[in-house]
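>>> Pasting the sequence and the predicted coordinates here, then a few questions.
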Amino acid sequence: MRAVIQRVTRASCTVGKEVTGKIGNGFLVLLGIEDEDTLDDLNWLAQKIVNMRIFGDENDQMNRSLPDVDGNILLISQFTLYAATKKGNRPGFTRAARPEKAIPLYEAMIGQLSDQLGKKIETGRFGADMKIELLNDGPVTIFIDTKQKE
């Protein structure tokens, strides 16, 4: 799994004219899932996201996590995080998991993040054409790949 975490002061997702998810202070998380991903990857990544200390403390040091600042998560499925770009100019996405594998893992990630954070996780709509609006705070953007745990 791959995740791009953006610290935001606000973020929202719209599909058509419907707002499917909206948060204030917290993380916009773009999540890519590949065929080799497991529940172990999911559990490790969820823990990492919730406990990532990238919010400022009283000394303006990045020492606070989402629970420390009562932050929220907007989780967006993002298969393009597995774009292969070595050949030509048109990316390939063969490493991205097919929906029959990705949807259950995406839904499990929603549940795991909600359990760990203790609140509802806002989301986009899997497979939809989504419009994402955000105000990146910092900017702070972190990339995590579960294949690089060690």
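Yep, it's here.
>>> Let me see the ranges of the strands in the protein.
Secondary structure of the chain (DSSP state E): strands at 2-15, 18-23, 26-32, 55-56, 62-64, 72-77, 122-123, 131-145.
>>> between these, which one is nearest to A96?
Shortest distance between A96 and the strands of the chain, using CB to CB, is found for strand 26-32: 6.6 Å. Quick note: C-beta positions are derived from backbone N, CA and C, even for glycine.
>>> you'd agree Q116 is up against M52?
No: using CB atoms under 8 Å, Q116 makes no contact with M52, being 11.7 Å away.
>>> Would you reformat the strands of the chain as JSON lines and include mean neighbour count, mean pLDDT and distance to R95?
Shown next, in JSON lines, are the strands of the chain (neighbours: other CB atoms under 10 Å; pLDDT from 0 to 100; distance: least, CB to CB, whole Å):
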{"stretch": "strand 2-15", "mean neighbour count": "20", "mean pLDDT": "98", "distance to R95": "10"}
{"stretch": "strand 18-23", "mean neighbour count": "16", "mean pLDDT": "98", "distance to R95": "26"}
{"stretch": "strand 26-32", "mean neighbour count": "25", "mean pLDDT": "98", "distance to R95": "9"}
{"stretch": "strand 55-56", "mean neighbour count": "18", "mean pLDDT": "96", "distance to R95": "32"}
{"stretch": "strand 62-64", "mean neighbour count": "14", "mean pLDDT": "96", "distance to R95": "31"}
{"stretch": "strand 72-77", "mean neighbour count": "24", "mean pLDDT": "98", "distance to R95": "15"}
{"stretch": "strand 122-123", "mean neighbour count": "22", "mean pLDDT": "98", "distance to R95": "23"}
{"stretch": "strand 131-145", "mean neighbour count": "14", "mean pLDDT": "97", "distance to R95": "12"}
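>>> Cool, thanks, signing off.
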